Structure formats: structure tokens, C-alpha cells
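Undergrad: attaching a predicted model along with its sequence, questions to come.
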Amino acid sequence: MAVSSDPKSVKVHLTTGEGLDIEWKDGHKSHFSFVFLRDACPCALCDDERGKSGRKIGQPAKSAPGTLPMFKESAKALKAEGVGKYAIRFDWNDGHNLGIYSWKFLREVCPCVECKTTPVTIES
């Protein structure tokens, strides 16, 4: 199934912390929680760390032995800004801000049930 990687509308819910909602030009709607987005950061640093630990995009890092995960602050975007017409970048509450999330990348990692079960081809 060929899908569009061009957004029709993008809503970032910074105040409520709900995440990012995208309606794509082909009518598909995606919702990304900030926690998922932070764990899916496409920057080289995060990609390398995921590769070394065997984590998949969007999968949380395992807590170190002896740590209490309930005291870890949940990922939240403090700021979001467009990068040209092709991407969005976030400033995260943990100080990280290197990831540039292209529309193509976001469409490829859409966490909805439909996208997880049906292979998609991104239109250029």
C-alpha cells in the first residue's frame, strides 16, 4: 500500500503533554506520544545507543539494575519547531534536542495498529 509522507495538518500538544497528532494528505491520522517520540529519536547518538542495546525505534531503554523507574520523569517536549518543510525538531525536558524527525520517518514509524500490521510504501 502506497502512502503519503506529506502532512495535511500537524498539532503539537506542548501544554497538555499529549504528544503530536498528524493528519496525512492521504487521510491517515497518526498520534505519537512524547514518550514514544523521545524513545524514537532519530539522531546519530540515540540511533547508536539503540543499536548497541538492541532496542527498536520507540522502545524504552531498560532501567539500570537497582533504579526505581517510577521516579524517572516522563519525556515531555518543551519546544517544537519546524525544520524546513520536511521535518520537526523538539527540545526535550531531559536537555536533548538533536533529533530531526522528518515527515517520512514519522510516517514510517507510525505506531497505530493499521501501520504495524500492513506493510506500507512511502510515496516520494
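TA: Yep, it's here.
Undergrad: C46 belongs to a strand, doesn't it?
TA: No - using DSSP: H, G, I helix; E, B strand; the rest coil, the secondary structure at C46 is helix, not a strand.
Undergrad: quick one: contacts for it?
TA: 96, 98-99 (CB atoms under 8 Å, 6 or more residues apart in numbering). All C-beta spots, glycine's among them, are computed from the backbone N, C-alpha and C.
Undergrad: at 6 Å instead, please
TA: Residues counted as contacts of C46 (CB atoms under 6 Å, 6 or more residues apart in numbering): none.
Undergrad: what does the pLDDT read for it?
TA: C46 is assigned 95 on the pLDDT scale.
Undergrad: and it, how close does it get to T16?
TA: 25 Å (CB to CB, to the nearest Å).
Undergrad: next: H28.
TA: To T16, H28 is 23 Å away according to CB to CB.
Undergrad: sec struct for the residue nearest the centre of the chain, please.
TA: Closest residue to the average C-alpha location of the chain: L37 at 2.8 Å, with CA atoms, centre = their mean. With three-state DSSP as the basis, the three-state label of L37 is helix.
Undergrad: now the closest residue to C110 other than its chain neighbours: which helix or strand?
TA: Among residues not flanking C110 along the chain, S30 sits closest, at 4.5 Å (CB to CB, 6 or more residues apart in numbering). Using DSSP states H and E, S30 falls within strand 29-32.
Undergrad: any weak-confidence spans in this structure?
TA: Low-confidence segments of the chain (pLDDT under 70): 1-2, 64-71, 119-120, 123-124.
Undergrad: what segments of it are strands?
TA: For the chain, strands defined by DSSP state E occupy the ranges 2-3, 7-13, 19-24, 29-32, 77-83, 87-92, 100-102, 121-122.
Undergrad: the fourth one: partners in the sheet, and parallel or antiparallel?
TA: Just to be clear, that refers to strand 29-32. Its sheet considered, strand 29-32 pairs with strand 19-24 (antiparallel) by DSSP bridges.
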